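Undergrad: what's the 3D shape of this:
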Amino acid sequence: MESVNGLVRFWPETASAYAGELDSLLIWFSVLLAVLVVPVFIGLAWFAIHYRAGADVDRRPRASGNWKLEVGWMVVPFLLSLFFFFWAASLYVRLNEPPADALQIDVIAKQWMWKAQHPGGQREIDRLHVPVGEPVRLTMISQDVIHSFYVPALRVKQDVLPDRYTSLWFEIDRPGRYALRCAEYCGTAHSRMTGEVVALPAEAYQAWLERAETPLGLAERGERLFRSFGCSGCHGAAGPVRAPRLEGVFGRPVPLADGGTVLADARYVRDSILFPRRHVVAGFEPIMPSFRGQIEEDEILQIVAYIRSLRWGAADEPTPLGEAEAAPERTPPWAEDLP
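TA: Alright, predicted model coming up:
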């Protein structure tokens with residue numbers, strides 16, 4: 001239930017195709033429950049009244065039964081429940097598998113605001129601009145306590161946790177401004193942790209990106225941080241210390257010293273920066289220092305964007321950011337030992 005222009009709306013508006021499907025699932029499953037449960041309670045009330053103490057009714061036991069009714073009462077509800085199970089499971093899988101070409105936006109939650117970082121370097125607080133008709137994937141983390149990213153019009157809600165990345169994706173099918181709420185009590189000012197998702201047509205979204213443009217994109221900022229923290233001194237081609245190369249590593253499995261493997265995703269990069277002994281790469285010594293307490297969450301996400309942008313060039317050298325997409329890819333040396 002929400003208030004719109006002073007009027008109370010019982011059911012939130014919908015701004016995506018799957019939001020309408022989710023509503024249909026909820027409504028029809030509620031109808032099924034009503035069909036199965038209401039007759040039981042009506043019968044319970046009737047028997048309680050009809051056979052109440054002192055009522056002049058026939059109380060002799062009757063040995064009778066109807067196996068067709070009993071089997072039907074078991075099989076039909078089971079099949080209907082199974083139908084709704086597969087419907088809900090299908091919707092769940094689709095809502096948890098973002099398209100490969102989804103627009104990547106990073107979100108940091110803190111008491112009591114939402115901070116968003118766009119790939120081009122645009123940043124905003126308590127507001128998230130997204131294009132209409134394009135899938136958007138959010139990678140989220142909290143700087144303090146547990147928060148919950150909730151957009152009622154999209155029917156999406158995801159907990160945002162400290163020390164762990166969570167994600168969700170959505171696709172808005174019509175322009176508008178949609179309420180953003182924190183659905184997890186996060187402190188004394190929890191009720192003021194609000195914002196809005198602004199959905200714009202493609203041309204208007206591009207115009208907003210240009211107006212909010214910054215000198216450096218997210219990956220370029222990450223590259224500056226990468227160098228300022230001294231990471232390039234070890235992970236670069238000419239580094240005096242032997243450390244794993246990072247070109248082409250993102251999105252691939254990495255062999256570990258303990259014999260296992262780990263996927264090089266955002267969480268792996270963050271763990272490597274803050275907890276470097278958690279995933280020691282095979283063939284390397286655990287000599288990297290921890291940067292915990294020295295780097296902010298938004299800076300880590302910028303470094304993640306930089307490492308994601310790196311490709312393995314034809315001459316075994318890092319490809320410049322501006323030429324990343326044009327450079328041919330090949331398997332880096334660290335991947336040749338994978339099974």
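
Undergrad: which residue ranges form the strands in the stretch 1-150 of the chain?
TA: 2-4, 7-9, 103-110, 113-117, 123-125, 127-131, 136-142, 147-151 (DSSP state E, counting those that start in this stretch).

Undergrad: cool, and the stretch 201-339 of the chain?
TA: Going by DSSP E, counting those that start in this stretch, the stretch 201-339 of the chain shows strands at 253-255, 261-263.

Undergrad: Of those, which stretch is the most buried?
TA: Here the criterion is mean neighbour count by mean count of other C-beta atoms under 10 Å, and of these the winner is strand 253-255, at a mean of 17. (Glycine included, C-beta is placed from N, CA and C.)

Undergrad: which strands and helices sit next to that one?
TA: The contact analysis (3 or more C-beta pairs under 8 Å, 6 or more residues apart in numbering; DSSP states H and E) places strand 253-255 against strand 261-263.

Undergrad: what helices or strands is the strand it packs on leaning on?
TA: Strand 261-263 is packed against strand 253-255, with contacts defined by 3+ C-beta pairs under 8 Å, 6+ apart.

Undergrad: and the strand it packs on, how far from the chain's centre?
TA: 24 Å (C-alpha atoms, centre = their mean, to the nearest Å).

Undergrad: Given that strand, what are its sheet partners and their directions?
TA: Sheet pairing of strand 253-255 (DSSP bridges) gives strand 261-263 (antiparallel).

Undergrad: Now do the strand it pairs with: distance to the chain's middle.
TA: In this view, strand 261-263 has its centroid 20 Å away from the chain centroid, taken as C-alpha atoms, centre = their mean.

Undergrad: Check which helices and strands the longest helix along the chain sits against.
TA: Taking DSSP state H as the criterion, the chain has its longest helix at helix 17-50. Helices and strands touching helix 17-50, as assessed by 3+ C-beta pairs under 8 Å, 6+ apart, comprise helix 67-95.

Undergrad: hmm, back to that, single out the most deeply packed of the strands of the stretch 1-150 of the chain.
TA: strand 147-151 (a mean of 23).

Undergrad: For stretch 182-201, which residues meet the burial criterion?
TA: 182, 183, 184, 186, 190, 193, 195, 196, 197, 198, 199, 200 (16 or more other C-beta atoms under 10 Å).
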